[in-house]
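Chemist: Show me how the following folds:
(one chain, ligands or ions: 1)
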Amino acid sequence: MLELRIAGRDFGQPVLGEVFATVSRGDRICLLGPSGIGKTTLLNAIAGLDKSVPESAVIGREQLRVGYLFQEHRLLPWRTLHANLRLVGASDDEAGTLLGQVGLAGYGHYLPDQLSLGMARRAALARCLAVKPDLLLLDEPFASLDPIMAGELKALIAGILNSQPDMAMICVTHDGGDAAILANRLWYLDGKPARLQWDDVLAEPGLVDGLLGRLRDLDLTGS
Ligand SMILES: Nc1ncnc2c1ncn2[C@@H]1O[C@H](COP(=O)(O)OP(=O)(O)OP(=O)(O)O)[C@@H](O)[C@H]1O
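Modeler: This is a model prediction of the structure:
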């Protein structure tokens, strides 16, 4: 569905090195790596937001609908939640259904700034889903949320993934434990410039345990 042939990206100094990988329908990838290594840079390149990365570096994106949950909600602050969803193509009914799906039924007339951080993130997730994405990109979706809110959002995303088996996901996280809940594949980005050091399929529970052990060694399990 997607083939990455990224030659690199630098901002005065090299950040990303070569990144070669493929993403298939139904892939649920957790992208881990040290802080500042280039995870968001890679996500932006995949999304096509980084115009310094040639379009030819991400083969197949043209045919895909991409939903991107940024670290900030990036909803239009002067539009209601309902209007934000309508703007990306949701019908009235779909907007209502999606807001209900993310636990925001009855909040359609609210402005984004009237919401808590967790609610705003769920509203932004609803907007991602409104584009009916083939590929869902999540940049640290649980960051800055209290453990209860983070757990609720994780369960919500896991449910959405279960109900849409063909949708692919790439989720940047600092917590390897998220992989056990959300992922069937793990990317680990590291080095200067950064490359994918691991691209492992999490086919069996035992394998997940093994990987979590490796992540624990790297202090990436969040516990
Ligand atoms: N627009 C930019 N201009 C200059 N430097 C940038 C820009 N965007 C990213 N960088 C640099 O690229 C490096 C990688 O940043 P990036 O945000 O991709 O890392 P990250 O792995 O997502 O970090 P974190 O886990 O802390 O969110 C950092 O050194 C950052 O300062």
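
Chemist: what's the residue positioned nearest the centre of the chain in contact with, if anything?
Modeler: Most central in the chain under C-alpha atoms, centre = their mean is residue 138, positioned 1.5 Å from the mean C-alpha point. Taking C-beta atoms under 8 Å, 6 or more residues apart in numbering as the contact definition, residue 138 lies against 69, 157, 169, 170, 171, 172. Just so you know, the C-beta spots here come from the backbone N, C-alpha and C atoms, and that holds for glycine as well.

Chemist: which ones are touching residue 168?
Modeler: Going by C-beta under 8 Å, 6+ apart, residue 168 touches 1, 2, 23, 24, 25, 26, 27, 28, 29, 134, 135, 136.

Chemist: quick one, phi psi at the fourth one?
Modeler: Backbone torsions for residue 24, taken as degrees, to the nearest 10, come to phi -110, psi 160.

Chemist: going forward can the numbers begin at 51, since that is how I track them
Modeler: Renumbered: residue one is now 51, and that last one reads residue 74.

Chemist: where does it land on pLDDT?
Modeler: Looking at residue 74, its pLDDT reads 96.

Chemist: just checking, it touches residue 114?
Modeler: No: using C-beta atoms under 8 Å, residue 74 makes no contact with residue 114, being 12.0 Å away.

Chemist: Narrow the contacts of residue 218 to those that are buried.
Modeler: 51, 52, 73, 77, 78, 79, 184, 185, 186 (16 or more other C-beta atoms under 10 Å).

Chemist: Nearest to the ligand among those?
Modeler: The nearest member of those to the ligand, counting by C-beta to the nearest ligand atom, is residue 79 at 14.8 Å.

Chemist: pretty sure that closest one is touching residue 219, no?
Modeler: Yes: at 6.6 Å, residue 79 counts as touching residue 219 under the criterion of C-beta under 8 Å.

Chemist: Name the single longest helix found in this protein.
Modeler: helix 197-213 (DSSP state H).

Chemist: which ones among the contacts of residue 188 are found in helices?
Modeler: Among the contacts of residue 188, the members that lie in helices (by DSSP H) are residue 207.

Chemist: What segments of the chain are helices?
Modeler: Using DSSP H, helices in the chain cover 89-97, 131-137, 142-151, 167-180, 197-213, 227-232, 255-267.

Chemist: Could you work out which of those helices reaches nearest to the ligand?
Modeler: helix 89-97 (3.4 Å).

Chemist: could you check whether the closest one is close to the ligand?
Modeler: Yes: applying C-beta under 6 Å from any ligand atom, one finds helix 89-97 touching the ligand at 89, 90, 91.

Chemist: What about residue 212, how many residues nearby?
Modeler: If you count neighbours by other C-beta atoms under 10 Å, residue 212 ends up with 8.

Chemist: What parts of this protein come near the ligand?
Modeler: Going by C-beta under 6 Å from any ligand atom, the residues of the chain near the ligand are 61, 65, 83, 85, 86, 87, 88, 89, 90, 91.
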